[in-house]
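>>> Below is the sequence, then the predicted model.
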Amino acid sequence: MAKKRTKSKSQPTTSKKKFSLKPSKQNKIIFGSLLIVLSIALFFSFMSFYFTWQEDQSMLSEFADRNAQAKNLLNKFGAAVSHFFMYKGFGLASFAFPLLLAVTGLYLFLGLDGKGLVGKWVWGLTGIIWVSVALGFFAADLPLLGGSIGYEMNDFLQDYTGKIGVFLILIFVLMVILVRLFNFTPEGFANFFKSQKQKIKSDFTDTNEQPIDADDTEEDEESSIELRMDDKVQEKIDTYTHKKDIPPLKSEAGLDVNLPEDDASDIDLTVEETKEEEESDVKAAKLVKDFGEFDPKLELGNYKFPPLDLLDAHGASGGITINQEELEENKNRIVSTLKNYKIGIAQIKATIGPTVTLYEIVPDAGIRISKIKNLEDDIALSLAALGIRIIAPIPGKGTVGIEVPNKNATVVSMRSVIASNKFQKAEMELPVAFGKTISNETFVVDLAKMPHLLMAGATGQGKSVGLNAVITSLLYKKHPAEVKFIFVDPKKVELTLYNKIERHFLAKLPDSDEAIITDTTKVIHTLNSLCIEMDNRYELLKTAMVRNIKEYNAKFKARKLNPNDGHKFLPYIVLVIDEFADLIMTAGKEVETPIARLAQLARAIGIHLIIATQRPSVNVITGIIKANFPARIAFRVTSKIDSRTILDAQGADQLIGRGDMLYTQGNDMTRLQCAFVDTPEVGKIVEYIGSQRAYPEAHMLPEYIGEDSGTSIDYDISERDAMFREAAEVIVTAQQGSASLIQRKLKLGYNRAGRIIDQLEAAGIVGPFEGSKARQVLIPDIYSLEQHLENETK
Ligand SMILES: Nc1ncnc2c1ncn2[C@@H]1O[C@H](COP(=O)(O)OP(=O)(O)OP(=O)(O)O)[C@@H](O)[C@H]1O
C-alpha cells in the first residue's frame, strides 16, 4: 500500500516537470522563426544604417511621435536598433548579431541538438569585441566602423598600455581565437602552404605526362567508371518512367509493392551504417582539410636525400664497349665445337651484357636439347673460358643460350643504376637496384614484394658489395621516417660504417648502446623483440581493419586512425644479417625459430629480412629457412652442391665472381652483374646523411624480456602491480592471455604489461608462455576469478 501511495504521488510531479521545463516542439519552431525574422530585420536595419544614419539621428528622440518618419529601411525601429548596436555598440562587428540570431533560430526551427550553440555565442561575442577594438585601433578616424565600444575600449587600453600594447593584445587574442577555434598549429599552417605549393606545381605539370601512381589511376578509373554506370542507370530509369505508351504490367506492379517492403528494413540498416562511416570519414576529411594529410617526414622536414655525386662512376662511361673481334671469335668457336658433335645451327644471335655475352642458338630441327646441355664442359674447353653457362632451353623462347664471359668486364657502377630512369621512377615500396641484366637493363625489384632475401656466395665474390648495394638503394630512395634498418654483423667490420646514421635510419633495443649488433645473445633478443613488434603491428592492423602496412599507413596518413588509440605511422623494418652461418653455428634453434617465424608472417606488416652467408650448406640454410625465402641471390660458389642448396639448381658454381650473380624469385633465374659500390662511397653517403639533423635517438624496438628472466619467479602477493586486479579482470573477460591486450586496455607500457602477465602466471590465472600464441586463461569467468583471489589471501 505504502508503495502504491508513493507511486501515485510521484507521478503527477514528474509530468508537471516535463510540462514546465521542456519547450514543446511547436514552441521551438515558433521561437526559432521569431529569431530568424528578427535576424533578417536586424540585417536590413544595419545595412541601411550606413546610408541613413545622419538623417535618422535627429529623430531618435522623437520615437514616440507617430508622425515622425525615419529613412532606415525598417523605419524608427531600424534606426533605433542600429543606432544602439552600430553607433553605441560595436560598429561593423554588430553584423555578427543577426548571424548568431539566425543560427540559433535555425537550430530551434529544425530541432537540432543545441550543444554547440553556447560555444558559438561565446566565440561570436569574443570575435565581435575583437573586431570592434581592432577597427577602433586601425580605423580611429572612422569611428562608425568600430562603434563607441570599440573606440572607448581602445582608448581605455591605450591609456594603460600605449599603442604598441594594444597592438600586442590584439595579436595575442587573435592567436587565441585561431588556436582554439580553428585548431591552428604551425604544422597545419606549413602543411597548408605545402599542399598549395604542390597543387600549383601539379597544375603546372599537368600538361606534361607525369608518371602517376598506379593505385591512383586505378582508383580514378574505377570512380569514373562508376560514375558513368550511374549515369546510365539514371538514363534507363528515366526512359522507363517517362515512357507513357507502355502501360505498367500488373505483375510488375505486384512486385513493386512487395519489394520496397522487404527492402525497407535493409535500406534503413545500410543507411545507418553508411552514416556512421560517413561521419568518421567526414571527420577525417575535415582533419585532412585543416592540417593536410599526416606527413611522417615532417619531423625531419629538411632532410636531404644523398646526391648522386657521392657515388663514383668507376671508369665506366655508361655504355659497354663492344669488341667485334671477340664476338666473331666466340661465335665461330661455338659453331665449330657444336659442328664437331654434329649439331647444326640454324641461327645465332648475341646479346652483350656488362660481364657476359649471351649467344642464343636456334639448333637445327631434330637436335635434342640435352645433347647440347651435356656439351657444356667441351664448349668451355674450346672457348678456353671460365664461367660458361648453358641455358637449354631459355624459358619462354625456343632457343638455347650460351653465356660466355667478356674478356674485359665492365664495372656496373652504383651511380649508373641509381641514376637510371627505371630506379628513379620506380613506384615501389622498397625499391632495390641490384645491377644490370645480361641485356644491360637496370634490374630493379621491390624488397617489399620479395619479401625476404637470402644471399650466398663464397668469400670475396661480392656479397658485401651486394648488401651495400641493397642498403644504398634504399638510402637513396627512402626518407628516415619510412624505413629503419637493423644490422647484425658478427664479423664486426662490414656494417660498422652505418653507425653514423643510427639516429636517422637504425632501430635498436631500448637498453643497448650500439645499434649495430655483433653479439649473439643480442641477436636473439633483437629477433624476439622483432617478433613482439610483429605481433603488435598485427594487432594494430586488426583494429584498423586493414590487411597490410601499405593500407594501414595510407589510412593513418588520411587521419582515419586516431593516435590516441595507439595508432602510429609504421616504418618498414629491414633486418640485415651478414654472416648468418656464424649465428646458426653459435645459437642454432634460438636464432632459427624467430627467423622462421618472422619470415613466415612478417611480410604484411613491413618487416623484411636480408640474410647473407658465406657457407651455403644445408645445416645453415635449413629447409625451414629456405621455404620462407623465395627470393635468393647466389654469387659464385665453389661447388655444384652449394649452388643447389641456395638456388635449388646448379649454375652458381659457373659464375665468374666479382659481382656476377644469379637472382631467383621462384621459378625464373636471372643472371645479373651486381652494381658496385665501394666502401669509401658508402662512407660518403653515411657521412652526408649523418651530418643532417636527426631524431633524438634510434628507432626503439619493443623491449624483450628473456624467457629465463621472470616466468619461474614466484611473485609475492604484496609485490603485485597496482593494476594487477584490473589486468586479471581484462584477461578473464576477454579469455585471452596477452600482454598487448593489457597494454591496450589499461594503457600501460610493454614492460609493465609483461610483468603483470608474469604475475598472473604466478597467480595461476594464465598458463605459461607459448611462443607466438596467446597464453591460455585458466579462470573461466569473473566470479571464479574473485573466488580465486579471495582464496589466495586466506
Ligand atoms: N659488383 C662488383 N663489381 C666489381 N667488382 C666487385 C663487385 N663486387 C665485388 N667486387 C670485387 O670483389 C671484391 C670482394 O668483394 P666483397 O668484399 O663484396 O666480397 P665478399 O663476398 O663480401 O667477401 P667476404 O665474404 O670475404 O666478405 C671487392 O673488393 C671488389 O674488388
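Happy to help now that I have it. Numbers count the residues shown, from 1 in each chain.

>>> Which strand or helix spans the spatially most central residue of the chain?
Ranked by distance to the mean C-alpha position of the chain (Cα atoms, centre = their mean), the top residue is residue 553 at 1.9 Å. Using DSSP states H and E, residue 553 maps to helix 549-557.

>>> what residues does that helix touch?
With contact meaning Cβ atoms under 8 Å, 6 or more residues apart in numbering, helix 549-557 is reached by 293-296, 429, 537, 540-541, 544, 546, 561, 567-570, 572, 604-606. (Glycine included, C-beta is placed from N, CA and C.)

>>> contacting residues for whichever residue of the chain sits closest to the ligand?
Across the chain, the shortest distance to the ligand (Cβ to the nearest ligand atom) belongs to residue 659, at 2.2 Å. If you count contacts by Cβ under 8 Å, 6+ apart, residue 659 has them with 355, 412, 435, 461-462, 465-466, 635, 673-676.

>>> 10 Å - rerun?
By Cβ atoms under 10 Å, 6 or more residues apart in numbering, the contact list for residue 659 reads 354-355, 409, 411-412, 434-435, 457, 461-463, 465-466, 469, 635-636, 672-676.

>>> isn't residue 60 right up against residue 77?
No: contact criterion Cβ atoms under 10 Å: residue 60 and residue 77 do not qualify, at 11.6 Å.

>>> so what's in contact with the two at the same time?
residue 70.

>>> Show me how far the helix or strand containing residue 595 is from its chain's centre.
According to DSSP H and E, residue 595 maps onto helix 589-601. In terms of Cα atoms, centre = their mean, to the nearest Å, the centre of helix 589-601 is found 26 Å from the chain centre.

>>> tell me which strands and helices that helix is in contact with?
Contacts defined by 3 or more Cβ pairs under 10 Å, 6 or more residues apart in numbering; DSSP states H and E place helix 589-601 against helix 520-544, strand 572-577, helix 580-587, strand 607-613, helix 623-627.

>>> Make a markdown table out of these and add mean neighbour count and mean pLDDT.
Output for these, formatted as a markdown table (neighbours: other Cβ atoms under 10 Å; pLDDT from 0 to 100):
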| stretch | mean neighbour count | mean pLDDT |
| --- | --- | --- |
| helix 520-544 | 19 | 90 |
| strand 572-577 | 24 | 94 |
| helix 580-587 | 20 | 84 |
| strand 607-613 | 25 | 93 |
| helix 623-627 | 14 | 84 |
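
>>> and the ligand, which of the contacts of helix 549-557 contact it?
When the contacts of helix 549-557 are checked against the ligand using Cβ under 6 Å from any ligand atom, none falls in range.

>>> Drop anything exposed from those.
Buried residues within those, counting neighbours by 16 or more other Cβ atoms under 10 Å: 293-296, 429, 537, 540-541, 544, 546, 561, 567, 569-570, 572, 604-606.

>>> how's this protein carved up into domains?
Following automatic domain parsing, the chain resolves into domains at 22-184, 324-405, 414-692, 717-793.

>>> what about the longest one, how long is it end to end?
The first and last residues of domain 414-692 sit 23 Å apart, counting by Cα to Cα, to the nearest Å.

>>> near the ligand, which residues of the chain?
For the chain, the residues in contact with the ligand (Cβ under 6 Å from any ligand atom) are 411, 457, 459-465, 614, 658-659, 674, 676.

>>> From those residues, pick the one nearest residue 790.
Using Cβ to Cβ, residue 614 comes nearest to residue 790 of the residues of the chain next to the ligand, at 61.3 Å.

>>> Which helix or strand contains the residue nearest to residue 567 when sequence neighbours are not counted?
Residue nearest to residue 567 in three dimensions, not counting chain neighbours: residue 561, with 3.9 Å by Cβ to Cβ, 6 or more residues apart in numbering. Assigned by DSSP H and E, residue 561 falls within no helix or strand.

>>> Let me know the pLDDT of residue 561.
Residue 561 is assigned 85 on the pLDDT scale.

>>> contacting residues around it?
Contacts of residue 561 by Cβ under 10 Å, 6+ apart are 284, 294, 540, 543-546, 552-553, 555, 567-569.

>>> Which two of those residues have the greatest separation?
Farthest-apart pair in the contacts of residue 561 is 294 and 545; separation 18.1 Å (Cβ to Cβ).

>>> which parts of the helix holding residue 595 are buried?
So, applying 16+ other Cβ under 10 Å, buried residues of helix 589-601: 590-599, 601.

>>> how near is the residue lying farthest from the centre of the chain to residue 102?
Outermost residue of the chain with respect to the C-alpha centroid, by Cα atoms, centre = their mean, is residue 67; its distance is 74.0 Å. Distance, residue 67 to residue 102, by Cβ to Cβ, to the nearest Å: 33 Å.

>>> same deal with residue 717?
From residue 717 to residue 102 the distance is 65 Å (Cβ to Cβ).

>>> The two: who's more crowded?
residue 102 (20 against 12; other Cβ atoms under 10 Å).

>>> pretty sure that one is touching residue 34, no?
No: the criterion here is Cβ under 10 Å, and residue 102 misses it with residue 34 at 11.6 Å.

>>> shared neighbours, those two?
Contact with both residue 102 and residue 34 is made by residues residue 109, according to Cβ under 10 Å, 6+ apart.

>>> Separate out the buried members of the residues of the chain next to the ligand.
Buried subset of these (neighbour count, 16+ other Cβ under 10 Å): 411, 457, 461-465, 614, 658-659, 674, 676.

>>> want to try CSV for the residues you listed, with pLDDT as columns?
CSV is the format used below for these (pLDDT from 0 to 100):
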residue, pLDDT
411, 88
457, 92
461, 91
462, 90
463, 91
464, 91
465, 93
614, 89
658, 88
659, 90
674, 93
676, 93
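
>>> Turn those into JSON lines, including secondary structure.
Conversion of those to JSON lines gives the following (DSSP: H, G, I helix; E, B strand; the rest coil):
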{"residue": "411", "secondary structure": "coil"}
{"residue": "457", "secondary structure": "coil"}
{"residue": "461", "secondary structure": "coil"}
{"residue": "462", "secondary structure": "coil"}
{"residue": "463", "secondary structure": "helix"}
{"residue": "464", "secondary structure": "helix"}
{"residue": "465", "secondary structure": "helix"}
{"residue": "614", "secondary structure": "coil"}
{"residue": "658", "secondary structure": "coil"}
{"residue": "659", "secondary structure": "coil"}
{"residue": "674", "secondary structure": "strand"}
{"residue": "676", "secondary structure": "strand"}
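
>>> biggest separation within those residues, which pair?
Pairwise distances among those were taken by Cβ to Cβ; the largest, 22.9 Å, belongs to 411 and 614.

>>> quick one: low-confidence ranges for the stretch 351-500 of the chain?
386 (pLDDT under 70).

>>> Which residue ranges of it form strands?
With DSSP state E, counting those that start in this stretch, the ranges of strands along the stretch 351-500 of the chain come out as 356-363, 389-391, 400-405, 431-437, 442-446, 453-456, 483-488.

>>> Can you check which of those gets nearest to residue 307?
Nearest to residue 307, of the strands of the stretch 351-500 of the chain and by Cβ to Cβ, is strand 431-437 at 16.3 Å.
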